[in-house]
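K.L.:
prediction below, plus the sequence it came from.
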Amino acid sequence: MPDRPQTPDLPALPAPETGLLLTHFLTVRDVARSRDFYADVLGGEVVLEENPAIVKAANSWIIMNPGGGPTPDKPGITLTAPEPGDPVSAFMNIRVADIEDFCARAKEKGARFLTEPIDRKAELRCYMRDPDGRLIEVGQATGILRGVYADPPAGSGTG
């Protein structure tokens, strides 16, 4: 396992000098386990160990902390990690250049995939889960680069 920074790498922190940048916050059960998963499976850089843990992966940052009750800046809101069987309303979407290579490397590092990559016309796609069971889509653009799109979702009334 790579050495983890004890003090933050200030230039690597998600702190824009102008405008904005988008990060993704995850409420997790075990910060170290989740931090290591995102650093190892996605090849990310641990920018901050904890409180909160921050992993820079590609051109994004994943911020992780355990759940907790309301705070003055989010009154009435409690953060919890997903429970098994919870409905999914949002998920991370990772785009890769070579899905077969990514999946093979991710499996070597302990990632669990729901299926092998499936050809969806516009892309090759599969899903994996993080240590808390959170859904992560992994996709490689294929047909969409040639103007071939996926079929509309069943029951959508389009197409």
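P.N.:
Received the coordinates, thanks.
K.L.:
stretch 104-112: which residues count as buried?
P.N.:
Within stretch 104-112, the residues that qualify as buried by neighbour count (16 or more other C-beta atoms under 10 Å) are 106, 111. Every C-beta, even on glycine, is put in place using the N, C-alpha and C of the backbone.
K.L.:
mind listing residues that contact that stretch?
P.N.:
Applying C-beta atoms under 8 Å, 6 or more residues apart in numbering, the set of residues contacting stretch 104-112 from outside is 37, 40, 41, 103, 113, 128, 129, 138.
K.L.:
show me the beta-bridge partners of the last one.
P.N.:
Read that as residue 138. In this structure, residue 138 has the following beta-bridge partners (DSSP bridges): residue 94, residue 126.
K.L.:
just the pLDDT at it, thanks.
P.N.:
Among the per-residue scores, residue 138 shows a pLDDT of 97.
K.L.:
wait, isn't it in contact with residue 99?
P.N.:
Yes: with contact defined as C-beta atoms under 8 Å, residue 138 and residue 99 form a contacting pair (6.2 Å).
K.L.:
what touches both of those two?
P.N.:
Common contacts of residue 138 and residue 99 (C-beta under 8 Å, 6+ apart): 117, 125, 126.
K.L.:
neighbours of residue 147, how many?
P.N.:
Burial of residue 147 is recorded as 7 neighbouring residues (other C-beta atoms under 10 Å).
K.L.:
from residue 122, how far out is it?
P.N.:
9 Å (C-beta to C-beta, to the nearest Å).
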